[in-house]
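Colleague: Dropping the sequence and predicted coords here.
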Amino acid sequence: MLELMLGNPLLALFLVITAGMLLGRANLAGLSLGSSGVIFAGLALGHLGRRVPDGVGTLGLVLFVYCVGISAGPSFFRVFVRRGKKLALLGAALVLTGGATAWLLTWMLALPADLAVGVFAGAMTSTPALAAAMEALPQSSQVAVGYGLAYPFGVVGVVLFVQLLPRLLRADIERLSREAESEDAGQRVSRALVEVANPTVVGKELDELGFIAEAGCLVARVLRGRELVPVHSDLELELGQHLLVVGHEGDLNLVIEALGRRSERTDYVLETEQHRVQVVVTSRQVVGRTLAELQLRRRFGVGVVRVCRHEVEFVPRSDTEIDYGEMLTVVGEPDDLHRFAEFAGHRARAFDETDLISVGVGLVAGVLLGLVTFGIGGASFSLGLAGGPLLVALVLGHFGHLGPIVGHLPRASRMVLQEMGLVFFLASAGVNAGGELVEVLQQHSAMLLASAAAVALTPMIVGYLVARFLLGLDLLQVLGAVCGGMTSTPGLGVVTAKVDSDVPAVSYAAVYPVSLILITVAARILVLLLGG
């Protein structure tokens, strides 16, 4: 039965995917291969001389890179030009160092170009880079072998680096985390029940008290009996009156002092205490602006308590800039939340629907762009099936839509298409490379393993030096940025498990999209430099 199944290319494909995903779930000291386990299952099947359907790898490649572009598009150009320039530069430094290390080792050790590019992609844990390299070297199957051998070094290397670096520096990251939390405390949305005790404000209406708005705070409710009810701007203040004030903790203290004192009452009822919604941002009135510029508490009476960016959640600051398609967790009154959701462009049903026409048009445009040959001087090049769909998706993701073509995929749909494309591509790449696995290991095993370790470690060391001594970043920022620069989610997981601060996650989210795209471009450049 197994022989029959392996002999059928379609059945063999699904067996490789299933076996690879099971391998990827295996957990060793907190580490797992994830979807990359498929390439190892593919290598094993290829070594046995089996095959998967022709063209499935190309289909997977196009779907995968298109979804990557849609995901990175909303923040890639903005990060690169405006927000987090230091972090973007750090990501570029990591990628440049990794590429330079791979090029130097290839020259020193006389490694085949295809193996060297595969080692670069694997050590940087970047599947898009593997896709770009394999398309640039269509006649070679050794790229996937190099990737498979180097990938574990990339995963383990980042995890070890972020754990050992604080120890080598004798830095207490828990203390640094507490300090960062303390600095952020004044930026967090909070609410306080305030008793009016200052005679100078008695008899005045709320809209006459300009210091409340200047502090960025909002009087949301007034206590009537035991119930907190909505207020209007013409509410007249009285001694002993109890007001619910919403604002950042640091600003709240100033308003409390001006109005009177913090109330000691606890017998009130606030039915909306847990009212919160998740809003997906699509409106150009919100995208590209900071929370301080939006003044949401003053205009809508709501506060943003969490931002989800590149599958990473963090507590925002007043200078946090909102990108297209980001998920905001917002708290406030039901009517206020509804008004803000409309302002932000949130349309729950429409945003959860997958526009397959837009997906089809985007893929067609990407494939056509990838087939176009460009000439510069006496040389010519094409973006290929990795670069064309990626560039189109980046542009669509950045603008949100171009005419009727929507540059958005609901998270669930995007994750399914991206994962499906990834495993199809990895299965095909692994099977095609499996026949040469043993021969490559016999000829280059020691040099390949040493090169993988060097390409994984050198960028992190250089990145730390650049971050601390040239860019002036603190250790928590460095740890998050290194994980983003190496496109290592497991590394970020190790850091966030040890600290309570959101600083590493924010740094990761700023660096990740830049590095993701630059690594892909670097793989193509490395192929050209090595003459592959």
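Modeller: Structure received.

Colleague: Now do the domain split for this protein, please.
Modeller: 2-177+360-530, 186-262, 276-352 (automatic domain parsing).

Colleague: most packed of those domains?
Modeller: domain 2-177+360-530 (a mean of 21; mean count of other Cβ atoms under 10 Å). Every residue, glycine included, has its C-beta placed from N, CA and C.

Colleague: now that domain: mean pLDDT?
Modeller: For domain 2-177+360-530, mean pLDDT rounds to 79.

Colleague: And the nearest residue to A93 once chain neighbours are set aside, its phi and psi?
Modeller: Once flanking residues are discounted, A93 sits nearest to V466: 4.9 Å by Cβ to Cβ, 6 or more residues apart in numbering. Phi and psi for V466, reported as degrees, to the nearest 10, are phi -60, psi -40.

Colleague: go on, K204?
Modeller: According to degrees, to the nearest 10, K204 has phi -90, psi 150.

Colleague: And the strands in the chain?
Modeller: 189-196, 218-224, 227-230, 242-248, 260-262, 276-280, 303-309, 312-314, 327-331, 373-376, 379-382, 401-402, 405-406 (DSSP state E).

Colleague: out of those, nearest to G122?
Modeller: strand 312-314 (23.4 Å; Cβ to Cβ).

Colleague: quick one: average confidence on that closest one?
Modeller: Averaging pLDDT along strand 312-314 gives 68.

Colleague: Over to stretch 212-231?
Modeller: 73.

Colleague: go on, stretch 261-278?
Modeller: 69.

Colleague: end-to-end on that stretch?
Modeller: From its first residue to its last, stretch 261-278 covers 33 Å (Cα to Cα, to the nearest Å).

Colleague: ranges for the helices of the stretch 201-350 of the chain?
Modeller: 210-214, 249-259, 291-294, 296-300, 334-344, 348-352 (DSSP state H, counting those that start in this stretch).

Colleague: The fourth one: how far from the chain's middle?
Modeller: Pointing back at helix 296-300 there. On the basis of Cα atoms, centre = their mean, to the nearest Å, helix 296-300 sits 28 Å off its chain's mean C-alpha point.

Colleague: And for the shortest one?
Modeller: Distance of helix 291-294 from the chain centroid (Cα atoms, centre = their mean) equals 22 Å.

Colleague: and if you look at stretch 328-339?
Modeller: 25 Å.

Colleague: Can you give me the end-to-end span of it?
Modeller: 14 Å.

Colleague: ok, now stretch 309-326?
Modeller: Stretch 309-326 end-to-end distance (Cα to Cα) = 6 Å.

Colleague: Likewise for stretch 325-341?
Modeller: End to end - Cα to Cα - stretch 325-341 spans 13 Å.

Colleague: Repeat that for stretch 393-405.
Modeller: Separation of the first and last residues of stretch 393-405 by Cα to Cα is 11 Å.

Colleague: Please enumerate residues in contact with it?
Modeller: Stretch 393-405 has contacts (Cβ atoms under 8 Å, 6 or more residues apart in numbering) with 65-74, 76-78, 282, 284, 287, 324-325, 358, 361-362, 366, 406-408, 517.

Colleague: hmm, 7 Å instead?
Modeller: 66, 69-74, 76-77, 282, 324, 358, 361-362, 366, 407-408 (Cβ atoms under 7 Å, 6 or more residues apart in numbering).

Colleague: Also stretch 89-97?
Modeller: Contacts for stretch 89-97 (Cβ under 7 Å, 6+ apart): 458-459, 462-463, 466-467, 471, 481, 484-486, 511, 514-515, 518-519, 522.

Colleague: give me that answer again for 8 Å
Modeller: Stretch 89-97 is contacted from outside by 124, 458-460, 462-463, 466-467, 471, 473, 481-482, 484-486, 511-512, 514-515, 518-519, 522, using Cβ under 8 Å, 6+ apart.

Colleague: if we can go back for a sec, so can I have JSON lines of the helices of the stretch 201-350 of the chain showing distance to A192?
Modeller: Output for the helices of the stretch 201-350 of the chain, formatted as JSON lines (distance: least, Cβ to Cβ, whole Å):
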{"stretch": "helix 210-214", "distance to A192": "13"}
{"stretch": "helix 249-259", "distance to A192": "5"}
{"stretch": "helix 291-294", "distance to A192": "20"}
{"stretch": "helix 296-300", "distance to A192": "13"}
{"stretch": "helix 334-344", "distance to A192": "18"}
{"stretch": "helix 348-352", "distance to A192": "32"}
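
Colleague: for these, which one sits closest to P504?
Modeller: Using Cβ to Cβ, the helices of the stretch 201-350 of the chain put helix 291-294 closest to P504, at 20.3 Å.

Colleague: average pLDDT for that closest one?
Modeller: Mean predicted lDDT for helix 291-294 stands at 82.

Colleague: re earlier: need the contact list for the residue nearest to A93.
Modeller: L89, L90, A93.

Colleague: With T458 instead?
Modeller: Counted by Cβ under 8 Å, 6+ apart, T458 has contacts T97, G98, T101.

Colleague: So which of those residues belong to helices?
Modeller: T97, G98, T101 (DSSP state H).

Colleague: my guess is the last one contacts V455, does it?
Modeller: Okay, so that is T101. Yes: using Cβ atoms under 8 Å, T101 is in contact with V455, at 5.0 Å.

Colleague: before we move on, the earlier item: looking at the strands of the chain, spot the one closest to F120.
Modeller: strand 379-382 (19.3 Å).

Colleague: quick one on the thing from earlier: out of the helices of the stretch 201-350 of the chain, flag the one nearest P199.
Modeller: helix 249-259 (11.2 Å).

Colleague: Need the CA coordinates for the closest one. CSV is fine.
Modeller: Output of helix 249-259 as CSV, limited to C-alpha atoms (Å, rounded to 0.1, in the frame of the first residue of the first chain):
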residue,chain,number,x,y,z
GLU,A,249,-2.1,57.7,33.5
GLY,A,250,0.4,60.4,33.5
ASP,A,251,-2.1,63.0,32.2
LEU,A,252,-4.9,61.7,34.5
ASN,A,253,-3.0,62.8,37.6
LEU,A,254,-2.9,66.4,36.4
VAL,A,255,-6.6,66.4,35.7
ILE,A,256,-7.4,64.8,39.0
GLU,A,257,-5.4,67.4,40.9
ALA,A,258,-7.1,70.2,39.0
LEU,A,259,-10.6,68.9,39.6
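
Colleague: and of the helices of the stretch 201-350 of the chain, who's closest to R317?
Modeller: Here helix 291-294 is closest among these (Cβ to Cβ), at 7.4 Å.

Colleague: Outside of the closest one itself, list whatever touches it.
Modeller: Outside of helix 291-294, the residues within contact range by Cβ under 8 Å, 6+ apart are G216, V286, V304, P316, R317, S318, D319, T320, I322.

Colleague: Which residue is the nearest non-sequential neighbour of the third one?
Modeller: In other words, V304. Counting by Cβ to Cβ, 6+ apart, V304 lies nearest to L328, which is 5.1 Å off, once chain neighbours are set aside.
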